[in-house]
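# predicted model and sequence follow; I will ask about them next.
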Amino acid sequence: MNSAAENIVKLAALASVIDGKATDEEKNFIVIEGSHLLKTSEDEIRNFMDLWIGIYQSKGAANNPGIALNLALEVLKPLKSSQKHLAFHICEEVIHIDKKVTESELPFIMALQRLVFS
C-alpha cells in the first residue's frame, strides 16, 4: 500500500473511533470502499485499519477533540488535494453509516471539512 493510501486509511480509522467505538459496519465499509478506491487488497486494508484503530483508541482520540484534530492534520498534510477530498468522502460516509451523527462526530467532521476544503 502506498503512503497516500495509508494516510487515507488512517483518517478513516480515526473517523471510526471518534464516537468512542469502531463498529463492524464502519470497519467493513472502510475495507470494501478502501479496497476498491485505493486499489489495495481487503486484507491489507483491514490489517492496517485495525492497527490504527487500536493506536487511536489508546491515544484517547474519541475523548479529546484536540488530539483527534491534530492527528487528522498530521495525516492530511502529505496528501494532494484530490486525495484529501477522497479521504474526507470516506470519513463522511463512515460517520454517517449508522444514520446518526453524535456530539463528538459533528465537530470532528466539520473541522475536517475546513481542513480539507480551505
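Received, thanks. Numbering: from 1, shown residues only.

# what ranges do the helices span in the chain?
3-17, 24-38, 42-58, 65-76, 81-96, 105-117 (DSSP state H).

# looking at those, which one is packed in the most?
helix 3-17 (a mean of 24; mean count of other Cβ atoms under 10 Å). Any C-beta I mention is one placed from the backbone N, CA and C, and that applies to glycine too.

# so which elements touch that helix?
Judged by 3 or more Cβ pairs under 8 Å, 6 or more residues apart in numbering; DSSP states H and E, the packing partners of helix 3-17 are helix 24-38, helix 42-58, helix 65-76, helix 81-96, helix 105-117.

# how far off helix 81-96 does the shortest one point, in degrees?
To tie it back to what came earlier, the one meant is helix 65-76. Relative orientation of helix 65-76 and helix 81-96, computed by axes from the mean of the first three to the mean of the last three Cα atoms, to 10 degrees: 140 degrees.

# what's the model's confidence in helix 65-76, averaged?
Across helix 65-76, the average pLDDT comes to 92.

# residues contacting that helix, please?
7, 10-11, 14, 18, 56, 59-62, 84, 87, 104, 107-108, 111-112, 115-116 (Cβ atoms under 8 Å, 6 or more residues apart in numbering).
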